[in-house]
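Trainee: below are the sequence and a predicted model; questions follow.
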Amino acid sequence: MSGPLRLAVVGCGDVANYTAGFARLNGGIRLAACCDRDELTAGRFARRHGIRRAYDDYAAMLAEGGFEAVYLAVPHDLHLPMAREALRRGLAVLLEKPLAATLAEGLELAGLAAAPGACLAVNYQYRYDAACYALAQAVREGALGQVRYARCNIPWRRESGYFTRSAGWHALLARSGGGTLLTQGSHFLDVLLWACASPPARAQGLVRRVVFKEAEVEDLALGTLELESGALLQVCSSMVASPEQAATIEVYCERGTALYRAGLRPKLEFRGARPHRKAPPVRGVHALARSLEAFRRWAQGGPPHLAPAGEALVTLAAVDALYRAAASGGWENVTADFTGAGRIEAQEHTWQKTPSV
Ligand SMILES: NC(=O)c1ccc[n+]([C@@H]2O[C@H](COP(=O)([O-])OP(=O)(O)OC[C@H]3O[C@@H](n4cnc5c(N)ncnc54)[C@H](O)[C@@H]3O)[C@@H](O)[C@H]2O)c1
(Lines give C-alpha, C1' and ligand atoms only; values in the text may rest on other atoms or scores of the structure.)
Protein backbone atom coordinates (compact mmCIF):
# COMPACT_ATOMS: atom_id res chain seq x y z
CA MET A 1 0.00 0.00 0.00
CA SER A 2 1.39 3.42 -0.86
CA GLY A 3 0.89 6.66 1.06
CA PRO A 4 0.34 7.15 4.76
CA LEU A 5 -2.01 4.94 6.76
CA ARG A 6 -5.18 6.91 7.45
CA LEU A 7 -6.05 6.29 11.10
CA ALA A 8 -9.20 7.22 13.06
CA VAL A 9 -8.91 7.64 16.84
CA VAL A 10 -11.84 6.45 18.94
CA GLY A 11 -11.99 7.51 22.60
CA CYS A 12 -10.21 10.86 22.98
CA GLY A 13 -9.24 10.41 26.64
CA ASP A 14 -6.02 10.01 28.56
CA VAL A 15 -3.94 7.51 26.58
CA ALA A 16 -5.25 8.60 23.17
CA ASN A 17 -3.50 11.97 23.61
CA TYR A 18 -0.11 10.25 23.96
CA THR A 19 -0.76 7.90 21.04
CA ALA A 20 -1.96 10.74 18.81
CA GLY A 21 1.18 12.68 19.71
CA PHE A 22 3.36 9.78 18.56
CA ALA A 23 1.17 9.27 15.47
CA ARG A 24 1.86 12.87 14.46
CA LEU A 25 5.60 12.19 14.65
CA ASN A 26 5.19 9.15 12.40
CA GLY A 27 5.46 10.16 8.75
CA GLY A 28 3.64 6.98 7.71
CA ILE A 29 0.44 7.79 9.61
CA ARG A 30 -2.17 10.48 9.01
CA LEU A 31 -4.83 11.13 11.67
CA ALA A 32 -7.96 11.21 9.49
CA ALA A 33 -10.77 11.44 12.06
CA CYS A 34 -11.51 11.21 15.76
CA CYS A 35 -14.52 10.22 17.79
CA ASP A 36 -15.58 10.55 21.41
CA ARG A 37 -19.08 10.13 22.74
CA ASP A 38 -18.53 13.53 24.38
CA GLU A 39 -18.74 16.08 21.57
CA LEU A 40 -16.63 18.70 23.38
CA THR A 41 -13.87 16.17 24.07
CA ALA A 42 -13.84 15.08 20.42
CA GLY A 43 -13.69 18.70 19.21
CA ARG A 44 -10.88 19.63 21.61
CA PHE A 45 -8.89 16.55 20.63
CA ALA A 46 -9.34 17.33 16.93
CA ARG A 47 -8.05 20.88 17.39
CA ARG A 48 -5.10 19.78 19.52
CA HIS A 49 -3.97 17.17 17.01
CA GLY A 50 -4.92 18.93 13.77
CA ILE A 51 -7.65 16.44 12.83
CA ARG A 52 -10.25 17.74 10.38
CA ARG A 53 -13.16 15.43 11.16
CA ALA A 54 -14.54 14.95 14.70
CA TYR A 55 -17.53 12.77 15.61
CA ASP A 56 -19.55 11.94 18.70
CA ASP A 57 -20.90 8.73 17.17
CA TYR A 58 -18.74 5.74 16.18
CA ALA A 59 -21.29 4.29 13.73
CA ALA A 60 -21.58 7.62 11.91
CA MET A 61 -17.79 7.91 11.63
CA LEU A 62 -17.48 4.37 10.26
CA ALA A 63 -20.30 5.02 7.78
CA GLU A 64 -18.48 8.05 6.35
CA GLY A 65 -15.16 6.16 6.17
CA GLY A 66 -12.07 7.71 4.64
CA PHE A 67 -9.55 5.71 6.71
CA GLU A 68 -8.01 2.22 6.62
CA ALA A 69 -7.47 1.74 10.36
CA VAL A 70 -8.95 2.59 13.75
CA TYR A 71 -7.25 3.03 17.11
CA LEU A 72 -9.69 2.09 19.90
CA ALA A 73 -8.89 3.71 23.27
CA VAL A 74 -12.24 3.27 24.95
CA PRO A 75 -13.55 1.59 28.15
CA HIS A 76 -12.90 -2.16 28.17
CA ASP A 77 -16.54 -3.23 27.67
CA LEU A 78 -16.48 -1.46 24.28
CA HIS A 79 -13.40 -3.29 23.01
CA LEU A 80 -15.32 -6.27 21.59
CA PRO A 81 -18.29 -4.48 19.97
CA MET A 82 -16.20 -1.68 18.45
CA ALA A 83 -13.41 -3.97 17.21
CA ARG A 84 -15.95 -6.45 15.80
CA GLU A 85 -17.62 -3.69 13.78
CA ALA A 86 -14.29 -2.37 12.48
CA LEU A 87 -13.08 -5.86 11.49
CA ARG A 88 -16.43 -6.51 9.74
CA ARG A 89 -15.69 -3.49 7.58
CA GLY A 90 -12.19 -4.75 6.75
CA LEU A 91 -10.43 -2.07 8.81
CA ALA A 92 -7.15 -2.70 10.61
CA VAL A 93 -7.53 -2.29 14.38
CA LEU A 94 -5.06 -1.10 16.99
CA LEU A 95 -6.90 -1.93 20.20
CA GLU A 96 -5.82 -0.63 23.57
CA LYS A 97 -5.07 -3.32 26.14
CA PRO A 98 -6.54 -5.49 27.52
CA LEU A 99 -8.04 -7.58 24.72
CA ALA A 100 -11.50 -7.32 26.33
CA ALA A 101 -13.29 -6.86 29.65
CA THR A 102 -14.02 -10.59 30.05
CA LEU A 103 -12.47 -13.83 28.86
CA ALA A 104 -15.65 -14.77 26.94
CA GLU A 105 -15.43 -11.49 25.01
CA GLY A 106 -11.71 -11.99 24.48
CA LEU A 107 -12.25 -15.47 23.04
CA GLU A 108 -14.83 -14.13 20.60
CA LEU A 109 -12.55 -11.32 19.51
CA ALA A 110 -9.50 -13.59 19.14
CA GLY A 111 -11.62 -15.87 16.95
CA LEU A 112 -12.69 -12.95 14.73
CA ALA A 113 -9.13 -11.63 14.55
CA ALA A 114 -7.83 -15.02 13.38
CA ALA A 115 -9.79 -14.75 10.11
CA PRO A 116 -7.54 -14.58 7.03
CA GLY A 117 -6.53 -11.02 6.28
CA ALA A 118 -7.73 -9.63 9.62
CA CYS A 119 -5.34 -7.23 11.37
CA LEU A 120 -5.89 -6.63 15.07
CA ALA A 121 -3.01 -5.61 17.32
CA VAL A 122 -3.37 -5.07 21.07
CA ASN A 123 -1.37 -2.17 22.42
CA TYR A 124 0.73 -4.09 24.94
CA GLN A 125 3.51 -1.67 24.09
CA TYR A 126 6.01 -2.95 26.66
CA ARG A 127 6.77 -5.73 24.15
CA TYR A 128 8.44 -2.87 22.24
CA ASP A 129 10.26 -1.46 25.28
CA ALA A 130 13.91 -2.11 24.33
CA ALA A 131 14.80 -3.67 27.69
CA CYS A 132 11.62 -5.80 27.91
CA TYR A 133 12.17 -6.97 24.33
CA ALA A 134 15.80 -7.97 25.01
CA LEU A 135 14.75 -9.77 28.20
CA ALA A 136 11.93 -11.66 26.50
CA GLN A 137 14.06 -12.72 23.53
CA ALA A 138 16.94 -13.92 25.72
CA VAL A 139 14.61 -15.98 27.93
CA ARG A 140 12.55 -17.33 24.99
CA GLU A 141 15.71 -18.44 23.20
CA GLY A 142 16.90 -20.32 26.30
CA ALA A 143 20.06 -18.23 26.70
CA LEU A 144 19.64 -18.42 30.49
CA GLY A 145 18.43 -22.02 30.54
CA GLN A 146 15.02 -23.15 31.68
CA VAL A 147 12.86 -20.71 33.67
CA ARG A 148 12.51 -21.79 37.32
CA TYR A 149 10.47 -18.89 38.63
CA ALA A 150 9.82 -15.26 37.87
CA ARG A 151 7.96 -12.31 39.25
CA CYS A 152 6.73 -8.87 38.31
CA ASN A 153 5.94 -6.06 40.69
CA ILE A 154 3.95 -2.99 39.66
CA PRO A 155 3.95 -0.63 42.69
CA TRP A 156 2.03 2.20 41.02
CA ARG A 157 -0.26 4.86 42.38
CA ARG A 158 -3.53 6.37 41.18
CA GLU A 159 -5.34 9.37 42.62
CA SER A 160 -9.12 9.45 43.15
CA GLY A 161 -9.64 11.39 39.89
CA TYR A 162 -8.70 8.21 38.07
CA PHE A 163 -11.96 6.64 39.23
CA THR A 164 -14.20 9.65 38.59
CA ARG A 165 -13.22 10.80 35.07
CA SER A 166 -15.07 9.60 31.94
CA ALA A 167 -18.27 8.62 33.81
CA GLY A 168 -16.23 6.62 36.32
CA TRP A 169 -15.88 3.54 34.10
CA HIS A 170 -12.59 2.45 35.73
CA ALA A 171 -14.47 1.87 39.01
CA LEU A 172 -17.29 -0.22 37.51
CA LEU A 173 -16.65 -3.94 37.18
CA ALA A 174 -19.06 -4.37 34.26
CA ARG A 175 -17.26 -1.64 32.27
CA SER A 176 -13.63 -2.30 33.20
CA GLY A 177 -13.63 -6.05 33.87
CA GLY A 178 -11.18 -5.59 36.75
CA GLY A 179 -8.88 -3.22 38.60
CA THR A 180 -5.13 -2.83 38.85
CA LEU A 181 -4.28 -6.40 37.77
CA LEU A 182 -6.15 -6.15 34.45
CA THR A 183 -5.51 -2.47 33.80
CA GLN A 184 -1.92 -1.89 34.94
CA GLY A 185 -0.36 -5.20 35.98
CA SER A 186 -1.33 -7.02 32.79
CA HIS A 187 1.29 -4.98 30.86
CA PHE A 188 4.16 -6.67 32.75
CA LEU A 189 2.41 -10.01 33.13
CA ASP A 190 2.09 -9.94 29.35
CA VAL A 191 5.87 -9.48 28.96
CA LEU A 192 6.55 -12.22 31.50
CA LEU A 193 4.20 -14.75 29.85
CA TRP A 194 5.66 -13.88 26.46
CA ALA A 195 9.21 -14.36 27.81
CA CYS A 196 8.45 -17.67 29.51
CA ALA A 197 6.72 -19.02 26.39
CA SER A 198 4.74 -21.68 28.24
CA PRO A 199 0.94 -21.57 28.64
CA PRO A 200 -0.38 -20.57 32.05
CA ALA A 201 -2.06 -23.64 33.61
CA ARG A 202 -3.47 -22.63 37.01
CA ALA A 203 -3.58 -19.72 39.41
CA GLN A 204 -3.89 -18.63 43.02
CA GLY A 205 -4.70 -15.03 43.91
CA LEU A 206 -5.74 -12.39 46.39
CA VAL A 207 -7.33 -9.01 45.62
CA ARG A 208 -8.09 -6.12 47.97
CA ARG A 209 -9.59 -2.66 47.99
CA VAL A 210 -7.10 -0.92 50.24
CA VAL A 211 -7.73 2.77 49.49
CA PHE A 212 -10.52 3.13 46.93
CA LYS A 213 -13.27 1.46 48.94
CA GLU A 214 -16.11 2.82 46.77
CA ALA A 215 -14.71 1.26 43.59
CA GLU A 216 -16.07 -2.14 42.52
CA VAL A 217 -12.59 -3.26 41.46
CA GLU A 218 -9.38 -4.02 43.33
CA ASP A 219 -6.56 -1.55 43.90
CA LEU A 220 -4.13 -4.28 45.04
CA ALA A 221 -3.70 -7.78 43.57
CA LEU A 222 -1.22 -10.54 44.37
CA GLY A 223 -1.14 -13.83 42.56
CA THR A 224 0.78 -16.91 41.52
CA LEU A 225 0.60 -18.66 38.17
CA GLU A 226 1.90 -22.13 37.42
CA LEU A 227 2.90 -22.58 33.80
CA GLU A 228 2.64 -25.85 31.89
CA SER A 229 6.45 -25.95 32.00
CA GLY A 230 6.21 -26.12 35.81
CA ALA A 231 7.70 -22.64 36.29
CA LEU A 232 6.01 -20.43 38.89
CA LEU A 233 5.26 -16.75 38.23
CA GLN A 234 4.31 -14.20 40.84
CA VAL A 235 2.57 -10.92 40.10
CA CYS A 236 1.94 -8.02 42.44
CA SER A 237 -0.01 -5.08 41.02
CA SER A 238 -1.00 -1.98 42.94
CA MET A 239 -2.52 1.47 42.58
CA VAL A 240 -1.79 2.36 46.19
CA ALA A 241 2.00 2.58 46.55
CA SER A 242 3.11 5.79 48.23
CA PRO A 243 5.21 7.05 46.60
CA GLU A 244 4.88 5.18 43.31
CA GLN A 245 7.88 3.02 42.35
CA ALA A 246 9.18 1.66 39.07
CA ALA A 247 7.73 -1.64 37.86
CA THR A 248 10.18 -4.54 37.88
CA ILE A 249 10.46 -7.97 36.29
CA GLU A 250 12.80 -10.70 37.59
CA VAL A 251 13.31 -14.01 35.80
CA TYR A 252 15.32 -16.74 37.55
CA CYS A 253 16.57 -19.46 35.23
CA GLU A 254 18.90 -22.49 35.40
CA ARG A 255 22.03 -20.61 34.29
CA GLY A 256 21.24 -16.97 34.85
CA THR A 257 18.93 -14.23 36.02
CA ALA A 258 17.34 -11.33 34.15
CA LEU A 259 16.44 -8.15 36.06
CA TYR A 260 14.35 -5.38 34.48
CA ARG A 261 13.42 -2.01 35.92
CA ALA A 262 11.01 0.32 34.12
CA GLY A 263 11.46 4.08 34.02
CA LEU A 264 12.40 6.93 31.73
CA ARG A 265 15.51 4.90 30.97
CA PRO A 266 14.47 1.27 31.46
CA LYS A 267 17.26 -0.92 32.83
CA LEU A 268 18.05 -4.55 32.05
CA GLU A 269 20.75 -6.55 33.74
CA PHE A 270 21.73 -10.17 33.16
CA ARG A 271 23.58 -12.03 35.90
CA GLY A 272 25.30 -15.38 35.49
CA ALA A 273 25.02 -15.28 31.70
CA ARG A 274 25.72 -12.76 28.96
CA PRO A 275 23.09 -13.22 26.28
CA HIS A 276 23.10 -11.09 23.17
CA ARG A 277 20.72 -8.13 23.67
CA LYS A 278 18.35 -8.09 20.74
CA ALA A 279 16.86 -4.76 19.65
CA PRO A 280 13.13 -4.33 18.92
CA PRO A 281 12.25 -4.94 15.26
CA VAL A 282 11.09 -1.34 14.71
CA ARG A 283 12.59 2.02 15.54
CA GLY A 284 11.00 4.86 17.49
CA VAL A 285 11.57 7.25 20.36
CA HIS A 286 9.37 5.33 22.82
CA ALA A 287 7.75 1.89 23.20
CA LEU A 288 4.37 3.43 22.32
CA ALA A 289 5.84 4.95 19.15
CA ARG A 290 7.37 1.58 18.18
CA SER A 291 4.11 -0.30 18.85
CA LEU A 292 2.29 2.20 16.66
CA GLU A 293 4.85 1.90 13.87
CA ALA A 294 4.69 -1.91 14.06
CA PHE A 295 0.91 -1.68 13.71
CA ARG A 296 1.27 0.65 10.71
CA ARG A 297 3.58 -1.83 9.00
CA TRP A 298 1.23 -4.75 9.65
CA ALA A 299 -1.82 -2.78 8.47
CA GLN A 300 0.05 -1.98 5.25
CA GLY A 301 1.04 -5.59 4.54
CA GLY A 302 4.17 -5.96 6.67
CA PRO A 303 4.93 -8.50 9.43
CA PRO A 304 2.46 -8.91 12.32
CA HIS A 305 2.62 -6.78 15.45
CA LEU A 306 4.21 -8.54 18.45
CA ALA A 307 0.89 -8.52 20.34
CA PRO A 308 -1.82 -9.88 18.04
CA ALA A 309 -5.14 -10.92 19.59
CA GLY A 310 -4.06 -14.52 20.23
CA GLU A 311 -1.16 -13.33 22.39
CA ALA A 312 -3.28 -10.86 24.36
CA LEU A 313 -5.76 -13.69 24.93
CA VAL A 314 -3.13 -15.62 26.90
CA THR A 315 -2.64 -12.67 29.23
CA LEU A 316 -6.39 -12.15 29.61
CA ALA A 317 -6.92 -15.85 30.40
CA ALA A 318 -4.21 -15.71 33.09
CA VAL A 319 -5.82 -12.62 34.65
CA ASP A 320 -9.23 -14.31 34.50
CA ALA A 321 -7.89 -17.35 36.39
CA LEU A 322 -6.19 -15.11 38.98
CA TYR A 323 -9.51 -13.29 39.60
CA ARG A 324 -11.45 -16.55 39.89
CA ALA A 325 -8.83 -17.88 42.30
CA ALA A 326 -9.10 -14.73 44.42
CA ALA A 327 -12.87 -15.27 44.59
CA SER A 328 -12.71 -19.01 45.39
CA GLY A 329 -9.70 -18.90 47.70
CA GLY A 330 -8.10 -21.93 46.00
CA TRP A 331 -6.26 -22.89 42.83
CA GLU A 332 -8.22 -22.24 39.60
CA ASN A 333 -7.34 -23.64 36.18
CA VAL A 334 -6.76 -21.37 33.20
CA THR A 335 -9.72 -22.30 31.05
CA ALA A 336 -9.06 -20.81 27.61
CA ASP A 337 -8.17 -23.24 24.84
CA PHE A 338 -5.00 -21.74 23.37
CA THR A 339 -4.54 -24.59 20.96
CA GLY A 340 -7.95 -24.21 19.28
CA ALA A 341 -7.91 -23.69 15.53
CA GLY A 342 -7.51 -20.11 14.53
CA ARG A 343 -6.28 -18.87 17.86
CA ILE A 344 -2.69 -19.18 18.96
CA GLU A 345 -1.47 -21.17 15.96
CA ALA A 346 -2.89 -18.55 13.66
CA GLN A 347 -0.56 -16.05 15.30
CA GLU A 348 2.41 -18.42 15.00
CA HIS A 349 2.87 -18.68 18.73
CA THR A 350 5.52 -21.17 19.75
CA TRP A 351 5.18 -22.62 23.23
CA GLN A 352 8.13 -24.42 24.81
CA LYS A 353 6.75 -27.77 25.91
CA THR A 354 9.30 -28.40 28.63
CA PRO A 355 9.05 -30.91 31.47
CA SER A 356 8.33 -29.75 35.00
CA VAL A 357 11.30 -28.46 36.93
N1 LIG B 1 -1.21 1.29 26.62
C2 LIG B 1 -1.17 2.03 27.74
O3 LIG B 1 -0.12 2.28 28.33
C4 LIG B 1 -2.46 2.54 28.29
C5 LIG B 1 -2.46 3.58 29.26
C6 LIG B 1 -3.70 4.02 29.74
C7 LIG B 1 -4.88 3.43 29.28
N8 LIG B 1 -4.84 2.43 28.37
C9 LIG B 1 -6.05 1.78 27.85
O10 LIG B 1 -6.68 2.71 26.97
C11 LIG B 1 -8.10 2.57 27.04
C12 LIG B 1 -8.70 3.92 27.46
O13 LIG B 1 -8.20 4.26 28.74
P14 LIG B 1 -8.06 5.78 29.20
O15 LIG B 1 -7.34 5.73 30.51
O16 LIG B 1 -7.49 6.61 28.11
O17 LIG B 1 -9.58 6.14 29.45
P18 LIG B 1 -10.30 7.55 29.46
O19 LIG B 1 -11.49 7.40 30.30
O20 LIG B 1 -9.32 8.63 29.79
O21 LIG B 1 -10.71 7.74 27.92
C22 LIG B 1 -11.73 6.95 27.33
C23 LIG B 1 -12.50 7.84 26.38
O24 LIG B 1 -13.46 7.04 25.69
C25 LIG B 1 -14.62 7.83 25.50
N26 LIG B 1 -15.77 6.99 25.21
C27 LIG B 1 -16.54 6.28 26.07
N28 LIG B 1 -17.54 5.65 25.41
C29 LIG B 1 -17.41 5.99 24.10
C30 LIG B 1 -18.13 5.68 22.93
N31 LIG B 1 -19.22 4.89 22.96
N32 LIG B 1 -17.71 6.20 21.75
C33 LIG B 1 -16.61 7.00 21.69
N34 LIG B 1 -15.90 7.35 22.78
C35 LIG B 1 -16.28 6.84 23.97
C36 LIG B 1 -14.74 8.61 26.82
O37 LIG B 1 -15.59 9.73 26.69
C38 LIG B 1 -13.28 8.96 27.09
O39 LIG B 1 -12.93 10.22 26.56
C40 LIG B 1 -8.34 1.42 28.01
O41 LIG B 1 -8.40 0.23 27.30
C42 LIG B 1 -7.11 1.44 28.90
O43 LIG B 1 -6.84 0.22 29.54
C44 LIG B 1 -3.65 1.99 27.86
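Mentor: Cool, the structure landed. Numbers count the residues shown, from 1 in each chain.
Trainee: could you point out the longest helix of this structure?
Mentor: Ordering each helix of the chain by length in residues (DSSP state H) puts helix 309-328 first.
Trainee: buried sites along it?
Mentor: Across helix 309-328, burial judged by 16 or more other C-beta atoms under 10 Å covers 309-326. (Each C-beta comes from the backbone N, C-alpha and C, glycine too.)
Trainee: equivalent analysis for stretch 205-216, please.
Mentor: Gly205, Val207, Val211, Phe212, Ala215, Glu216.
Trainee: tell me where this protein has strands.
Mentor: 5-10, 29-35, 53-55, 69-72, 92-95, 120-122, 147-155, 200-208, 220-227, 232-238, 248-253, 257-261, 267-271, 332-333 (DSSP state E).
Trainee: need these in CSV with mean pLDDT and distance to the ligand, can you?
Mentor: Putting the strands of the chain into CSV (pLDDT from 0 to 100; distance: least, C-beta to the nearest ligand atom, whole Å) gives the following:
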stretch, mean pLDDT, distance to the ligand
strand 5-10, 98, 5
strand 29-35, 98, 5
strand 53-55, 98, 8
strand 69-72, 99, 8
strand 92-95, 98, 8
strand 120-122, 98, 9
strand 147-155, 98, 12
strand 200-208, 98, 17
strand 220-227, 98, 15
strand 232-238, 98, 13
strand 248-253, 98, 16
strand 257-261, 98, 16
strand 267-271, 98, 19
strand 332-333, 96, 23
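Trainee: how many residues are close by the closest residue to the ligand within the chain?
Mentor: At 1.9 Å from the ligand, Gly13 is the closest residue in the chain, using C-beta to the nearest ligand atom. Look at Gly13: counted by other C-beta atoms under 10 Å, it has 17 neighbours.
Trainee: need phi/psi at it.
Mentor: phi -100, psi -150 (degrees, to the nearest 10).
Trainee: list the contacts of it.
Mentor: Neighbouring residues of Gly13 by C-beta atoms under 8 Å, 6 or more residues apart in numbering: Asp36, Thr41, Ala73, Arg165, Ser166.
Trainee: wait, the last one sits on Pro75?
Mentor: When you say that, I think you mean Ser166. Yes - between Ser166 and Pro75 there is a contact at 7.2 Å, judged by C-beta atoms under 8 Å.
Trainee: nearest residue to Glu293 in space, ignoring adjacent ones along the chain?
Mentor: Nearest residue to Glu293, sequence neighbours excluded (C-beta to C-beta, 6 or more residues apart in numbering): Val282, at 4.7 Å.
Trainee: re the thing from before, deepest of the strands of the chain, which one?
Mentor: strand 120-122 (a mean of 30; mean count of other C-beta atoms under 10 Å).
Trainee: contacts for that strand next, please.
Mentor: For strand 120-122, contacts defined as C-beta under 8 Å, 6+ apart pick out 83, 87, 92-99, 109, 112-113, 291, 294-295, 298, 304-305, 307-309, 311-312.
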